[in-house]
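Student: this is a predicted model, with the sequence first.
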Amino acid sequence: MARPELTPANRLWLCLLTVFLFCSGSASADERVDRIQNFLFSARQTRRAFRDVVSVPRTSTVRILAEGETVALGTVVASDGWIVTKASQSANATRVELLDGRQVPFKLVGTHQAHDLAVLKIDAPPLTPVKWTEQSPPLGGWLATVGTNVDPVSVGVLSVERRQIPRSAEHGVLGIELEKEETPRIRRVFPNSGAADAGLQSGDVVLEVDRQLVASSQQLVRTLRRYRPGDTVSLRVRRNQEEFAHTATLTHPFGDFLSRIAFQNQMGGALSFRRDDFEAAYQTDSVIAPEDCGGPVVDLNGQAVGINIARAGRTETYVLPADLIIAAVADIKSGKLSPPPAPTADSATQTTAVGAPGK
């Protein structure tokens, strides 16, 4: 009688059962606790248990590169070279790295700004498209973030069912400190900020924001707080007796600009630049980096429930559902959505910022 073939899901449960039996047996209670804790807190061992689950979908995963560095993952959606990824994370990208290590240029076909998706096209031999499932995963169910290695990037559980992710009320920061006077004069420019990137200096006086006159420090603060992270503003600045025009890009608060809650969120690692205002998303507790967004997230059968679209907090990662991706890709491929001006990548936010603290 032929032995029945084990599915990836069954193999995973068999692996976990083996671990459970290993952690029980004749060992003392303290020894069993130590063994269980050593396993649970070993990310490598946990990911290894999901190796069979991601063995097929990893062939549908690529890396998106900018200047030779990975800035995002991508998911193959058609065998003739169509790839979907996170738009804001891959804005500065120039090449795609395939599973075999080859790096090829791509064409940006279009973007879906509401979903923060970009569709790329490459010329390559037939690729393996990902297998989607539009069935919602169960609350508490295991999900794996697929990369290009044999083990998944991360594993976690569905912690919040599909829901809308509202637009955040968070305002952008310019990365300056103002003098304690009526005139909007810059006292300090924070390193690695949008102000620094725009060339602003201590002693500069901000005269206009987007052609709106700024008469006082308070007005400057109120004006900037109307903008969101990611917005680009034009500035007119006076330095000594000369006036200059600058542009700066607003980002999420950082450093001295962070609230206590925001600081705690960032303790779990870097967060995605665009991490709010999604029509729908699953929420998982998977720990990923912003550059892991864009790749498939699969259930225990190796089917993609969606792609990671944002690292949003210490215990929050958002997954864009498969049905929204399928519809958006179809619209882009049909020509309904063409490429807009390039959005700001997560990596760029490390060198650009906008706002003024202490007011």
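Tutor: Okay, I see it. Quick caveat, the model's predicted, so the values are computed rather than measured.

Student: what's near enough to touch residue 283?
Tutor: Residues in contact with residue 283 (CB atoms under 8 Å, 6 or more residues apart in numbering) are 158-160, 163, 312, 316-319. (C-beta placed from N, C-alpha, C; glycine too.)

Student: out of the residues you listed, which is nearest to residue 287?
Tutor: Among these, residue 317 lies closest to residue 287 (CB to CB), at 7.5 Å.

Student: what strand or helix carries the closest one?
Tutor: According to DSSP states H and E, residue 317 maps onto strand 316-321.

Student: any idea how far residue 305 is from residue 141?
Tutor: Distance of residue 141 to residue 305, computed by CB to CB, to the nearest Å: 9 Å.

Student: so what sits against both of the two?
Tutor: Counting by CB under 8 Å, 6+ apart, the residues touching both residue 141 and residue 305 are residue 299.

Student: looking at those two, which is more packed in?
Tutor: Per other CB atoms under 10 Å, whichever of residue 141 and residue 305 has more neighbours is residue 305, with 25 against 14.

Student: that one sits in which helix or strand?
Tutor: Here residue 305 is assigned to strand 304-313, by DSSP H and E.

Student: off-centre distance for that strand?
Tutor: Relative to the mean C-alpha coordinate of its chain, strand 304-313 is positioned 7 Å out (CA atoms, centre = their mean, to the nearest Å).

Student: and the gap between the closest residue to residue 226 other than its chain neighbours and residue 55?
Tutor: Distances taken as CB to CB, 6 or more residues apart in numbering put residue 171 closest to residue 226, at 7.4 Å, once the chain neighbours are dropped. Distance, residue 171 to residue 55, using CB to CB: 45 Å.

Student: neighbour count: the two, which is higher?
Tutor: Per other CB under 10 Å, whichever of residue 171 and residue 55 has more neighbours is residue 171, with 19 against 13.

Student: where along this structure do the helices fall?
Tutor: 8-23, 29-40, 43-48, 51-54, 194-197, 217-224, 260-266, 322-333 (DSSP state H).

Student: and the gap between residue 129 and residue 75?
Tutor: In this view, residue 129 and residue 75 are 9 Å apart by CB to CB.

Student: which one of these two has more residues nearby?
Tutor: Under the criterion of other CB under 10 Å, the comparison of residue 129 against residue 75 puts residue 75 first, with 26 against 17.

Student: relative to residue 249, how far out is the more buried one?
Tutor: From residue 75 to residue 249 the distance is 28 Å (CB to CB).

Student: residue 89 reaches residue 271, doesn't it?
Tutor: No - with contact defined as CB atoms under 8 Å, residue 89 does not count as touching residue 271 (11.6 Å).

Student: what do those two both touch?
Tutor: Common contact partners of residue 89 and residue 271 (CB under 8 Å, 6+ apart): residue 290.

Student: show me which of the two is the more surrounded one.
Tutor: Between residue 89 and residue 271, residue 89 has the larger neighbour count (other CB under 10 Å), namely 32 against 21.

Student: list the contacts of the closest residue to the more buried one other than its chain neighbours.
Tutor: Distance criterion CB to CB, 6+ apart; nearest residue to residue 89, sequence neighbours excluded, is residue 72 at 4.2 Å. By CB under 8 Å, 6+ apart, residue 72 lies in contact with 63-64, 85-86, 89-90, 93, 291-294.

Student: go on, residue 302?
Tutor: Contact analysis of residue 302 by CB under 8 Å, 6+ apart lists 8, 53-57, 131.

Student: tell me which stretches of the stretch 101-250 of the chain form strands.
Tutor: Along the stretch 101-250 of the chain, the stretches classed as strands by DSSP state E, counting those that start in this stretch are 103-105, 107-112, 117-121, 142-145, 154-165, 176-178, 186-189, 205-209, 212-213, 232-239, 242-249.
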